[in-house]
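>>> Got a sequence here, can you build the structure:
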Amino acid sequence: MGKRYYCDYCDRSFQDNMHNRKKHLNGVQHHRAKKAWFDHFRDSSAILHDEQTKKPCRKFLQKGICDFGPNCRFSHMSEEDLFNLKRQVEDERQRREDSVDRIIPGRSIEEWLSRREKRLAALSTKGDIKTEEDSEDCQAESDVPPQLLSIPDLPPSLIPPPPGGWKVTVNTEWG
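As a prediction, the model looks like this:
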């Protein structure tokens, strides 16, 4: 038994040779599975546009099931589904516009990084002595640009602390 080729899209494996691989990659089942995989990552607005251009599937509306399933060229979405999808697209668009409005004009990430670097260098040369002016400067400079905060799913180590600092709870039961 030689090497085996595993197709992630189709969740199957077969003997790996040029003929078998070419036959599989050009097959209808593989193309459908690959399309279904990439459809998971489609934008809501693109799905809405596609569904609005399709006519409703008569068989799906009458019986609630269609022999073609996800490969049907007609829409299987009800009016309620389309309404919910429109609302979701509108919410996403509104969130994008809100995040763009919150970005401070003229303040780029590069500027913030260079100011931060200068501030850290100044603190290391001054030592531990801090004045009120230094603390105000630190507060103004520590404001992280919204572009950095808009990145989804940041690891906890990269999420900046909240304005009031982290809340610490003391457990006295173990003492």
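
>>> Could you pull up phi and psi at Glu79?
Per-residue torsions, Glu79: phi -60, psi -40 (degrees, to the nearest 10).

>>> Also Pro56?
According to degrees, to the nearest 10, Pro56 has phi -70, psi 150.

>>> Gln15 now?
phi -60, psi 130.

>>> State whether it and Gly2 are indeed in contact, as I suppose.
Yes. Using Cβ atoms under 8 Å, Gln15 makes contact with Gly2 at a distance of 6.1 Å. Glycine gets a C-beta too; all of them are placed from N, C-alpha and C.

>>> So which of those two has more stuff around it?
Gln15 (12 against 6; other Cβ atoms under 10 Å).

>>> so what's that one up against?
The contact partners of Gln15, taken as Cβ atoms under 8 Å, 6 or more residues apart in numbering, are Met1, Gly2, Lys3, Arg4, Tyr5.

>>> In strands, which of the residues you listed appear?
Among the contacts of Gln15, DSSP state E puts Arg4, Tyr5 in strands.

>>> quick one: pLDDT of Gln88?
With respect to pLDDT, Gln88 has a value of 91.

>>> That one against Ile47, yeah?
No. Between Gln88 and Ile47 there is no contact under Cβ under 8 Å: 9.5 Å.
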